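Chemist: Pasting the sequence and the predicted coordinates here, then a few questions.
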Amino acid sequence: MRAVITDFGIEETLKTLGIDAVNDGTSTGSNHFSNGEIIESYSPVDGKLIGKVKTTTKADYDKVMDAATKAFKTWRDIPAPQRGEIVRQFGNKLRELKEPLGKLVSYEMGKSLQEGYGEVQEMIDICDFAVGLSRQLNGQTIPSERPGHVMREQWHPIGVVGIISAFNFPVAVWAWNTALAWICGDVCVWKASEKTPLCAVACQNIIAEILKDNNLPEGISCIINGDYRVGEFMTTDNKIALVSATGSTRMGRIVGKTVAERFGKSLLELGGNNAIIITPSADLKVIVPGAVFGAVGTCGQRCTSTRRLIIHDSVYNKVKDAIVGAYKQLTIGNPLDEKNHIGPLIDKDAVNTYLAAIEKAKAEGGNVLVEGGVLEGEGYESGCYVKPAIVEAENHFEIVQHETFAPILYLMKYSGDVENAIEKQNGVAQGLSSAIMTNELKEAEKFLSYAGSDCGIANVNIGTSGAEIGGAFGGEKETGGGRESGSDAWKVYMRRQTNTINYSDELPLAQGIKFDL
Ligand code: NAD
């Protein structure tokens, strides 16, 4: 069966990325191991079939793991700065292919073209970061309590890293993990979201070419295709030293437990329920773009999307009117068209979840300020375009406590001191991103203090979404506790070893213990 290709240039885009979706109708990524049933990838932009991908069977998976474990032995022998050189080449290739890859991200996932390019830019940025880091995987020397002894700490590669990723960042999250894992000397096996399989095939094709050009085994980077059942091959496999899983809290609960049962390591990046606190001194010029982009950007499908605005009662009406006014300016439509602010949700299941959440908010006593709903007619044929909604709600509502991956923004009031707002902000199960809008130094510092926000990310006078790769990214509580990307997140991809070296002629024991013979 031939895949139907749309006419905006996707055929050319796929070809540039090495994906033959027209002729053989299936693509496995250049490691050619997958022989299972076929996943069809439909674009949420226009509902058309983009291409098909074969899933990975258990027998295919075993071959992938064979290739990966063999490749690890070659890769770990290569000095870290030389591994960095491969990542540098990969980053350069991404610079060349930013346009087609960004377009595919936008078309397969539904985010705006600018955000698609932005995602590829994040891949480039993490490559640059990793290249520098490849000369800084430093351990430390620790003073020994024994004479003639020295203690040292060093970092070794961990082995095969399994990456499970979500649909909403179909390429960047893989790159955050893999660029660091590679410079650390690990090899990676990636199971991308079954909702965005072609993005994964494109990435694999890009890195496979770099590895081939450098005479390196392709097992350094592998992909496996399919849904949670294929993910389970990795979570239950002792040969996978670290599972880095990005997705819902529901998924993380299962993955975390399964990996812990076999004493594997896991890095969990799960759901958020992010709030912005708006204090009396906050500036509307900062509040409105921060809150509106946070709530509707990527159609509310970012883990860091703004879900709640906690507004001081003295400025509540002013802020509410400004936000509601800004929503009237939003344009919804084909995300490849720059004039549109908002594209579609990923699929019709997501649309149903969004509709059900609005109904639940109403049933719990929410007051709808901006009506949601599904758009129909020309340009909206995929059935995935929805209107962003605003609901006045209470923090304790069950629906507010829950992450709905859609553009629904809950407005609520606080009164008195900023501590009351912080209590609300922290009063959810998730702990990913948070922000305060204030011009009062004391309020900002309280929010950032140990008694302030309990999230992995806490911002002042910017919104909750749009993190830079230089900082460690991740969150607490039901967000999973993992950190990836910048700062010292690289350490999770390595194993730490403590060495004690005796250069004296005696063997004194620690803690002054005597053992005379
Ligand atoms: P999802 O949990 O449905 O799927 C994520 C991935 O996990 C997919 O590849 C899926 O196949 C796999 N998976 C699901 N169950 C599994 C299992 N039992 N074993 C192994 N693999 C399994 O999430 P989604 O709908 O693709 O993405 C949206 C969610 O991801 C949101 O909750 C969002 O907040 C979260 N997210 C978090 C971050 C972060 O950094 N914290 C980043 C992006 C997305």
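Modeler: Arrived safely. Only a predicted model underlies this, so the values are computations on that prediction, with no experimental measurement involved. Residues are numbered from 1 along each chain as shown.
Chemist: Report whether the one helix or strand V243 maps to contacts the ligand.
Modeler: Take DSSP states H and E as the rule and V243 turns out to sit in strand 240-246. Yes - judged by CB under 6 Å from any ligand atom, strand 240-246 and the ligand are in contact via T246. The C-beta positions use only the backbone N, C-alpha and C, and glycine is treated the same way.
Chemist: Enumerate the positions of stretch 281-292 that are buried.
Modeler: Neighbour-count burial for stretch 281-292, with 16 or more other CB atoms under 10 Å as criterion, is recorded at 282, 286-287, 290-292.
Chemist: With secondary structure and distance to Y503 added, can I get those in a markdown table?
Modeler: Conversion of these to a markdown table gives the following (DSSP: H, G, I helix; E, B strand; the rest coil; distance: CB to CB, whole Å):
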| residue | secondary structure | distance to Y503 |
| --- | --- | --- |
| A282 | coil | 61 |
| V286 | helix | 59 |
| I287 | helix | 62 |
| G290 | helix | 58 |
| A291 | helix | 61 |
| V292 | helix | 64 |
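Chemist: From the residues you listed, pick the one nearest A67.
Modeler: Nearest to A67 among the buried residues of stretch 281-292: G290, at 45.8 Å, using CB to CB.
Chemist: From the ligand, how far off is that closest one?
Modeler: G290 is 19 Å from the ligand, where distance means CB to the nearest ligand atom, to the nearest Å.
Chemist: Give me the neighbour count for the residue nearest to that residue when sequence neighbours are not counted.
Modeler: Distance criterion CB to CB, 6 or more residues apart in numbering; nearest residue to G290, sequence neighbours excluded, is G463 at 3.6 Å. Counted with other CB atoms under 10 Å, the burial measure for G463 works out to 24 neighbours.
Chemist: And G463, how far from D62?
Modeler: Summarising the geometry, the distance separating G463 from D62, computed by CB to CB, to the nearest Å, is 45 Å.
Chemist: And G416, by the same measure?
Modeler: Here G416 is placed at a distance of 61 Å from D62 (CB to CB).
Chemist: neighbour-wise, which of these two wins?
Modeler: Set side by side, G416 and D62 show unequal neighbour counts under other CB under 10 Å, the larger going to D62 at 15 against 9.
Chemist: wait, is that one part of a helix?
Modeler: Yes - under DSSP: H, G, I helix; E, B strand; the rest coil, D62 sits within a helix.
Chemist: near the ligand, which residues of the stretch 201-350 of the chain?
Modeler: 227-228, 231-232, 235, 246-248, 251, 254-255, 269-272, 303.
Chemist: Which pair of those spans the longest distance?
Modeler: Greatest spatial distance in these: E232 and G272, 24.7 Å, computed using CB to CB.
Chemist: Looking at the two, which one has more neighbours?
Modeler: Taking other CB under 10 Å, E232 and G272 do not tie; G272 has more neighbours (29 against 17).
Chemist: dump the residue contacts of the more buried one.
Modeler: Under the criterion of CB atoms under 8 Å, 6 or more residues apart in numbering, the contact partners of G272 comprise 303-305, 307, 403, 430-433, 464, 475, 479.
Chemist: just those residues now: which is nearest the ligand?
Modeler: Top of the list for closeness to the ligand, among these and by CB to the nearest ligand atom, is C303 at 3.2 Å.
Chemist: so that closest one, which of the three states?
Modeler: Going by three-state DSSP: C303 is coil.
Chemist: What are the boundaries of the strands in the stretch 401-517 of the chain?
Modeler: Secondary structure of the stretch 401-517 of the chain, counting by DSSP state E, counting those that start in this stretch: strands at 408-414, 430-431, 433-437, 457-460, 472-473, 476-477, 484-485, 494-502.
Chemist: Is the ligand within reach of the third one?
Modeler: What it means is strand 433-437. No - on the criterion CB under 6 Å from any ligand atom, strand 433-437 is out of touch with the ligand, staying 8.8 Å away.
Chemist: Run through the neighbouring helices and strands of that strand.
Modeler: strand 274-278, helix 284-296, helix 418-426, helix 441-448, strand 457-460 (3 or more CB pairs under 8 Å, 6 or more residues apart in numbering; DSSP states H and E).
Chemist: if we go to 10 Å?
Modeler: Counting contacts by 3 or more CB pairs under 10 Å, 6 or more residues apart in numbering; DSSP states H and E, strand 433-437 is packed against strand 274-278, helix 284-296, strand 306-312, helix 418-426, helix 441-448, strand 457-460.
Chemist: roughly how far is that strand from the heart of the chain?
Modeler: Taking CA atoms, centre = their mean, to the nearest Å, the mean C-alpha location of strand 433-437 is offset from the chain mean by 19 Å.
Chemist: who does it pair up with?
Modeler: Applying DSSP bridges, strand 433-437 is found paired with strand 274-278 (parallel), strand 457-460 (parallel).
Chemist: what is the mean pLDDT for that strand?
Modeler: Taken as a whole, strand 433-437 has a mean pLDDT of 98.
Chemist: Please find the angle between the direction vectors of that strand and helix 418-426.
Modeler: 150 degrees (axes from the mean of the first three to the mean of the last three CA atoms, to 10 degrees).
Chemist: For burial, what's the neighbour tally of the closest residue to G148 other than its chain neighbours?
Modeler: In space, not counting the residues next to it along the chain, G148 is nearest to S504; the distance is 2.4 Å by CB to CB, 6+ apart. The local packing count at S504 equals 10, with neighbours defined by other CB under 10 Å.
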